[in-house]
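*Asks:* Fold the following and give me the result.
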Amino acid sequence: MTATTLFQRTTGPLGAPFLLLGGVLGSNLDMWRPQLAHFGDALRVVRFDHRGHGGSPVPPGPYSIEELGRDVLALLDRLGIERTSYCGLSLGGMVGMWLAANAPERIDRLVLICTAAHLPPADGWLERAAQVRAGGMAPVADAVLGRWFTPRFRAALPARVAPYRAMVAACPAEGYAAGCEAIAAMDLRADLDRIGAPTLVIAGADDPASPPEHGERIHAGIAGSRLVVVPNAAHLANVEQPDAIAQLIMDHVTD
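*Replies:* Numbering: from 1, shown residues only. Alright, predicted model coming up:
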């Protein structure tokens with residue numbers, strides 16, 4: 001299994017504790033901009049694009065969660081990072097669960113935002129993959145935004161939402177489709193009890209893509225984990241509630 005060399009950006013002072021940030025399907029590393037100022041000088045932050053996303057290469061699909069996780073391990077090796085905290089949202093959280101279960105020596109603390117360990121039905125993901133390969137990203141961009149943000153946020157702050165629509169539309173169709181296939185085949189439920197890293201699970205109260213019950217199942221499966229449900233937030237809770245999410249992350253990884 002050949003790892004993909006992921007595109008990344010590293011900020012924060014040398015010598016500070018590392019935090020990796022993994023994003024949602026269809027995003028790029030700019031989705032974490034709302035949190036960067038909050039982290040300040042406390043963390044050495046590495047944002048990365050999954051394979052098939054943003055500035056990373058786009059190998060042909062299908063992908064698997066294991067492949068995406070091994071890409072991250074190769075990134076850690078390339079950057080000389082032996083151990084790091086990891087925060088992932090949605091697809092990024094799925095990768096985080098795989099990492100914490102299968103490479104526990106590399107993961108210090110874990111934050112899982114608006115994600116799931118199993119997200120059936122697989123047919124829905126495979127249909128979306130086929131749709132994107134046939135018609136590109138533009139036809140699905142508005143539907144994605146409908147899951148990413150609450151209606152009131154989209155109506156009140158269209159200028160805040162517009163860059164995320166552009167982000168989705170710019171995602172390589174093959175990368176998005178292959179990511180859909182990874183989620184279709186994913187079942188991390190048996191991995192949860194192997195996660196020993198201190199884990200914070202965050203759910204968006206209004207998330208239609210990974211509703212809070214998915215966070216509750218992850219919380220129940222990871223011994224000693226903590227669950228927080230953030231109000232007035234859909235799937236991109238870090239954008240709708242940037243201050244609350246940043247504080248939760250900071251409190252957990254710097255405790």
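
*Asks:* what comes into contact with stretch 130-142?
*Replies:* Contact partners of stretch 130-142, identified using C-beta atoms under 8 Å, 6 or more residues apart in numbering, comprise 26, 128, 165, 168-171, 173-174, 176-177, 180. For the C-beta atoms, the positions are set from N, CA and C on the backbone; glycine is no exception.

*Asks:* ok now it, how far from the chain's centre?
*Replies:* In terms of C-alpha atoms, centre = their mean, to the nearest Å, the gap separating the centre of stretch 130-142 from the centre of its chain is 21 Å.

*Asks:* can you tell me the average pLDDT over it?
*Replies:* If you average the pLDDT over stretch 130-142, you get 94.

*Asks:* Likewise for stretch 172-191?
*Replies:* So the average pLDDT for stretch 172-191 ends up being 98.

*Asks:* now this protein, which segments are flagged as low pLDDT?
*Replies:* Residue ranges of the chain with pLDDT under 70: 1.

*Asks:* and with 90 instead?
*Replies:* In the prediction, the chain carries residues with pLDDT under 90 at positions 1-2, 40-41, 138-139, 255.

*Asks:* Please enumerate the strands of it.
*Replies:* Taking DSSP state E as the test, the strands found in the chain are 8-11, 18-22, 44-48, 84-89, 107-113, 199-204, 226-230.

*Asks:* Quick one: closest of the ones you listed to residue 155.
*Replies:* strand 199-204 (17.5 Å; C-beta to C-beta).

*Asks:* Direction included, what does the closest one pair up with?
*Replies:* Its sheet considered, strand 199-204 pairs with strand 107-113 (parallel), strand 226-230 (parallel) by DSSP bridges.
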